[in-house]
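A.B. asks: My questions concern the predicted model and sequence given below.
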Amino acid sequence: MDEGDRHRQSRLFTDDDGSFDESRAREEALPVEDGEVIDTDELADHQTYLEGRGIYDERNRVNDLTGREWKYATKSVITDRYPPDLQHDLRSEHGGQKPPRLCTDLIERFSSAGDRVLDPFAGVGGTLLGASLCEYEGTGRRTAIGFEQTERWIDVYETALERENADRRARGEPPLAEQDIRHGDCTTLIDDLDADSIDLLLTDVPYWHMDDLEQTRNEDNVRESKLDSFDDGEDGTATQWESKADWLADMGEWFASFTDAVKPDGYVVVFIGDMYRDQSYEFLSADLARSIGDAAPLTLKASLVWYDPTKDLHVYGYPFSFVPSMVHQNVLVFRVESTAT
């Protein structure tokens, strides 16, 4: 079928107003991509049409996405409303937990089925749950390793997985695989991993003393904890870093050591929220990107924005000064520099 024949076939399913009736074409068991019937006989040897997903190019070395899925995945702003599922009430004890389905989307963008994912700041296991979810999202399960120094969060992950799988079995759904979460300091545990043994590193970095913070519905406490400084708190308790400079120095050094475990051309993906402090906007994402890039053999490939529509809005500054209500986080995407010449 030549180009003219393909367009003529597409016109057979065009309504009077000129719009393509995709559902009618699909009723005839015809593959459709971007509003046109696809002639699968004309696909190149390295191309395969996947029903409902589009055309997959076997030369794809980044992930298992089709061209249509790849196009969507390159959007610089993530606006999906991720449901508070997978035992969210339990996992929300950790103030910095990320939606596992968001982690699934990112894992699918930057790895392939069977790949190995590392989260050196695992928390309550959003990355680990996301890796397990990939098995049922169409692109194949990944194995994952998480490092976490707080036993409480490891218990939350394990309990959440146990409860989720009980619920899934009750619904007649297959369970999620348990991933490897290890207790200890990430700077020590990283030495247990072989060089070039990780395909993707996905994490949410700590930048205040999260383990000492409790979730609260009191707006004053929320405002204080989420916009706290790197310095000692008002109650005299020391935070993990005495200054932003100390935090940035450690992040650079730590990611340099993490990167040794990631394969050349592999990706390192990092969540980081900016901060408003002392009537000034702290561009932490830019600071962190520069610090990591200077210390580790990584190239910054993108800065994505995750817009979280579930964030509560507070009246900051009114009516005297404009103070932003943070409803986004940045997702820094680095790629490990290849050693090939």
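C.D. replies: Ah, there it is.
A.B. asks: And the longest helix seen in the chain, what does it pack against?
C.D. replies: Longest helix in the chain, counting residues (DSSP state H): helix 151-170. The helices and strands touching helix 151-170, judged by 3 or more Cβ pairs under 8 Å, 6 or more residues apart in numbering; DSSP states H and E, are helix 88-91, helix 126-133, strand 143-148, strand 180-183. Glycine gets a C-beta too; all of them are placed from N, C-alpha and C.
A.B. asks: what are the ranges of the strands in the stretch 201-341 of the chain?
C.D. replies: For the stretch 201-341 of the chain, the strands defined by DSSP state E, counting those that start in this stretch cover 262-272, 275-277, 280-282, 298-307, 328-336.
A.B. asks: can you dump the C-alpha coordinates of the last one into CSV?
C.D. replies: Right, strand 328-336. Extracted in CSV, the C-alpha atoms of strand 328-336 (Å, rounded to 0.1, in the frame of the first residue of the first chain):
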residue,chain,number,x,y,z
HIS,A,328,5.3,21.9,42.2
GLN,A,329,8.6,20.0,42.5
ASN,A,330,11.5,19.8,40.0
VAL,A,331,12.7,16.5,38.6
LEU,A,332,16.3,16.8,37.5
VAL,A,333,17.3,14.3,34.8
PHE,A,334,21.0,13.5,34.5
ARG,A,335,22.7,11.0,32.2
VAL,A,336,25.9,9.2,33.2
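A.B. asks: What helices and strands are in contact with that strand?
C.D. replies: Using 3+ Cβ pairs under 8 Å, 6+ apart as the contact test, the elements touching strand 328-336 are strand 262-272, helix 284-295, strand 298-307.
A.B. asks: Kindly reformat these as TSV containing mean neighbour count.
C.D. replies: Output for these, formatted as TSV (neighbours: other Cβ atoms under 10 Å):
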stretch	mean neighbour count
strand 262-272	21
helix 284-295	18
strand 298-307	16
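A.B. asks: would you turn these into JSON lines with distance to Gly140 and mean pLDDT?
C.D. replies: Output for the helices and strands packed on strand 328-336, formatted as JSON lines (distance: least, Cβ to Cβ, whole Å; pLDDT from 0 to 100):
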{"stretch": "strand 262-272", "distance to Gly140": "17", "mean pLDDT": "97"}
{"stretch": "helix 284-295", "distance to Gly140": "29", "mean pLDDT": "97"}
{"stretch": "strand 298-307", "distance to Gly140": "23", "mean pLDDT": "97"}
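A.B. asks: As a markdown table, the ones you listed with distance to Ser325 would be great.
C.D. replies: Below are these laid out as a markdown table (distance: least, Cβ to Cβ, whole Å):
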| stretch | distance to Ser325 |
| --- | --- |
| strand 262-272 | 18 |
| helix 284-295 | 17 |
| strand 298-307 | 12 |
